[in-house]
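Trainee: my questions are about this predicted structure, shown below with the sequence.
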Amino acid sequence: MDNNLMMTGYSEVRDTMEEWEDQIVTENEEYFNESSDDNETGPKNKKDTKLKKFKNGFTKKVMSTLREDTKEKGGMMIQIFKEEWKSNRKSPDRPMTASTESLQSVKDEPVNDLEKDSESKLKKLRSGLGKKIKDIREDIVDIRDESLHSLHELKEIYQEKAEQKKAMITSFTEEEVKIFRKGSPLPPQVTKQMSSVYLARRFSIIRFTILGARNLDISRVKTSDNVFIKLSLGLERFKTRQVQASQSPIWMETSSLPRQTEEDEDLTVEVLARGSKETLLLGTGIINLSSLKNDSQNQVWIKLDGEFNDGELEVVIWVTGVNIDNDSKWLIVKDDKNNEGKFNFSKSFENISDVGYLTINVIEATGLGSTKLQGSVNPFCQLEMDNQFHRTVTAIKTKNPTWEKTFSFHVSDPFSKLNIAVLSEKMNSPQLVLGKAVLRLSSLGNSHNQHLWIALKDRKLRKPAKGDNPKLHLEIKYVRNTIRSAITVFKNKEDLLFEVPKPKFERTILLKNVNRIKQFLPKGSTITNIKKSYSDIIAWQNPARTVKYFVFYMFLVYYFHIWWIPVFLLYCLANNWKMKKSNNTKIPRIIVNKDLAEDDDDEEEETQEEKKSLKQSLDSLQNILQEFQEGCGLVASYLERISNLCHFEEPFLTVLFCGLLIVLSLVLWLFGLRTVLLLWGVNKFTKKLRDSNPVPTNEVNNLIIRVPDYEMVEDAKILD
């Protein structure tokens, strides 16, 4: 009886599964038709293939469900169902297989005691199978609905998410800023708007230079470990390069961090040592930015906190780019009135190092950026002279910004140059140079409220900047003391408190430096002519000419005095001055091959992978060529400075040099060369005795380095 029930249940379940499978296929026929019509160029039997895959997957899912819900004898039934199901799918008219015969043999065995148990199991099997089939049906409907999402629905979902992220613009929390910093995928319009608002709300810019440290506790640090510094301001972070561990490491590294809000007033500094296995904290320090004045330069020693730590860190901080409503222009005007009396001629010897002051009002700029940039320019103006640094706030999305920001500079060297740069910035992007210019203080003179429209140049200061005739409007007031300026010329220049970018080897620069030296050397034909003339004179080819040179040589040697040399130089300078007055003087300039000096600023340099051994050899060769390039540039610069000194490029320095030559001529005429050399030697060798901490100086070198070379003249040249 039990076997008959099992066979009957098997037949009913099989028939039910076949009917339900056909029903599911019929219901989803529209879905298979749509899927097959998506690719018109595909094969014709694509629909049949997908239908076959669907049936096979459905069969596997049902059989796995039955296998989980049945055990013992039920497992044998499932095996019979599976084999019969496969045989019927291949050939529906095929007779029963061996598994069916085994089931028939089970039929003849007496199993009356298990009749009730078999009926209950069959009911459970039917109910469980129906429940699983229902779940599978619902899953198929859900999958079909998900796969039939239209592009319009996806677009609505994307816009909804974009609106949620756009809400970040109104309020910046720490988590939102972190997401934005990590480059969260946002729509371009949202990113631009967030960047603009972020820049507009920024409070100030903190520029700093990590000079070095002293008295660091390195007892726990190995000699092979490295030391570095981490700085944090709000959510901003900066890490210096690693240097070898010592008690007094030197970094000389410059960078900047934006101060987003006025509440971010603590600049935290951490000194760490990194070994092969761990990183140790050597000390921490905090700088309270609220104690520093706006638009100021501060050189401070930070006391490092830590166990058994007496270390200190030397840092230079510039606070600039302050975004406040109450401008400090009236304070600068007040300081200018107080400073006017300090630079009178009667007070020339009171404070010799204080030569003058310079006040600049950055009013506006026009025509910035190329047409490719469209409206995505966020410009700001940056001014730098010696160790002083100032910048305006960032104007948002404009090519004609108006700043009306006033800055004051302390002038310690009247022959310094003012570097001007107009740049554009975006969040998470490098700054873009919109234009640059250079102003030599010697070209300004004593001026009061002088308005200048300066044409901006490109990054290399040789061509006009891109844009609609970009210009910068400045209002300048410059006052200096002449006597202090003359005395300052012979003093050492102020040491730089910021990192100077290391020059890279470039073939065009090397060739240009070599050509700069060549123009001061006599040509081969000139040397050949001199040798030939000398041979002709010695060989008496022309007796009259030989006698003339012989008599001149004898009188020159017999009557020569050393003071004739400065007098001869004065004679040459007088001739140059006359030529300059008549506008006949022509200072040679370098002509560089255009093919070698193409401007590739907007193009990325392509790099190729090289083998390690070849790369090392090329690096060593590049270092040698770089040293040769810098040496040629240094020699060429000195020769050009001397040439400009003699051609009145800086009239004040040339006149000062003429005065020195006159004094030297008189001293040599009165006392002779021997006395002058003795006095010079006594001064140099007794300087240590007169001053316990003397500063080595070279007055002649200090005079020459204040004269611009040809490159500096070209940098400051006004565009036509």
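Mentor: Ah, there it is.
Trainee: C-alpha only now, for contacts and for neighbours.
Mentor: Fine.
Trainee: so where's the stretch 451-600 of the chain shaky on pLDDT?
Mentor: Scanning the stretch 451-600 of the chain for pLDDT under 70 picks out 583-600.
Trainee: do a quick rundown of the strands in it.
Mentor: Remark: strands assigned in the stretch 451-600 of the chain by DSSP state E, counting those that start in this stretch are 467-480.
Trainee: residues contacting P379?
Mentor: Shown in contact with P379 (CA atoms under 8 Å, 6 or more residues apart in numbering): T394, A395, I396, K397, T398, K399, P401, V422, L423, S424, E425, L434.
Trainee: I meant E265, not that one.
Mentor: Going by CA under 8 Å, 6+ apart, E265 touches L233, N288, L289, S290.
Trainee: I705: which of those is nearest?
Mentor: Of all these, I705 sits closest to L289, with 37.0 Å by CA to CA.
Trainee: what's the spacing between that closest one and D266?
Mentor: Using CA to CA, to the nearest Å, one gets 6 Å for the distance from L289 to D266.
Trainee: which one of the two has more residues nearby?
Mentor: Between L289 and D266, L289 has the larger neighbour count (other CA atoms under 10 Å), namely 19 against 16.
Trainee: low-confidence ranges in this protein?
Mentor: In the chain, residues with pLDDT under 70: 1-194, 307-309, 325-340, 372-375, 583-617, 720.
Trainee: which other residues reach stretch 625-636?
Mentor: By CA under 8 Å, 6+ apart, stretch 625-636 touches K504, F505, I509, L510, N513, V514, R516, I517.
Trainee: scan the residues you listed and report the most crowded one.
Mentor: The most crowded member of these, judged by other CA under 10 Å, is R516 (23 neighbours).
Trainee: so the spatially closest residue to that residue that is not a sequence neighbour, which of the three states?
Mentor: Residue nearest to R516 in three dimensions, not counting chain neighbours: A636, with 5.6 Å by CA to CA, 6 or more residues apart in numbering. Here A636 is helix, with the state taken from DSSP: H, G, I helix; E, B strand; the rest coil.
Trainee: and A636, how many neighbours?
Mentor: Counted with other CA under 10 Å, the neighbours of A636 add up to 22.
Trainee: cool, T546 as well?
Mentor: Neighbours of T546 (other CA under 10 Å): 16.
Trainee: kindly report the same for I396.
Mentor: Neighbours of I396 (other CA under 10 Å): 21.
Trainee: equivalent analysis for S290, please.
Mentor: Count around S290 with other CA under 10 Å applied: 12.
Trainee: look up the closest residue to it, ignoring the ones flanking it.
Mentor: Closest to S290 by CA to CA, 6+ apart is E265, at 5.8 Å.
Trainee: do the same with F389
Mentor: L383 (5.9 Å).
Trainee: equivalent analysis for R706, please.
Mentor: F415 (6.2 Å).
Trainee: likewise for T394?
Mentor: Counting by CA to CA, 6+ apart, T394 lies nearest to F380, which is 4.7 Å off, once chain neighbours are set aside.
Trainee: repeat that for E475.
Mentor: Using CA to CA, 6+ apart and skipping residues adjacent in sequence, the residue nearest E475 is H451, 4.5 Å away.
Trainee: let me see the contact set for that neighbour.
Mentor: H473, L474, E475, I476.
Trainee: gap between it and G367?
Mentor: From H451 to G367 the distance is 18 Å (CA to CA).
Trainee: circling back to that earlier point, the residue nearest to T394 touches L423, doesn't it?
Mentor: Yes - between F380 and L423 there is a contact at 5.6 Å, judged by CA atoms under 8 Å.
Trainee: wait, a strand at the residue nearest to R706?
Mentor: No - with three-state DSSP as the criterion, F415 is coil rather than part of a strand.
Trainee: and the strands in the stretch 151-300 of the chain?
Mentor: Going by DSSP E, counting those that start in this stretch, the stretch 151-300 of the chain shows strands at 204-214, 226-233, 236-239, 243-244, 250-259, 266-274, 279-288, 296-303.
Trainee: can you pull the buried residues of the second one?
Mentor: Of the residues in strand 226-233, those with enough neighbours to count as buried (16 or more other CA atoms under 10 Å) are N226, V227, F228, I229, L231, S232, L233.
Trainee: dump those residues to CSV, plus distance to T359.
Mentor: Below are these laid out as CSV (distance: CA to CA, whole Å):
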residue, distance to T359
N226, 44
V227, 41
F228, 38
I229, 36
L231, 33
S232, 33
L233, 31
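Trainee: how about the helix or strand hosting I317: buried residues?
Mentor: Assigned by DSSP states H and E, I317 falls within strand 312-320. Across strand 312-320, burial judged by 16+ other CA under 10 Å covers E312, L313, E314, V315, V316, I317, W318, V319, T320.
Trainee: could you do stretch 687-705 as well?
Mentor: N702, L703, I704, I705.
Trainee: show me the contacts for the second one.
Mentor: By that I understand L703. Shown in contact with L703 (CA under 8 Å, 6+ apart): V489, F490, L653.
Trainee: assumed it was part of a strand.
Mentor: No - applying three-state DSSP, one finds L703 to be helix, outside a strand.
Trainee: no more questions from me, cheers.
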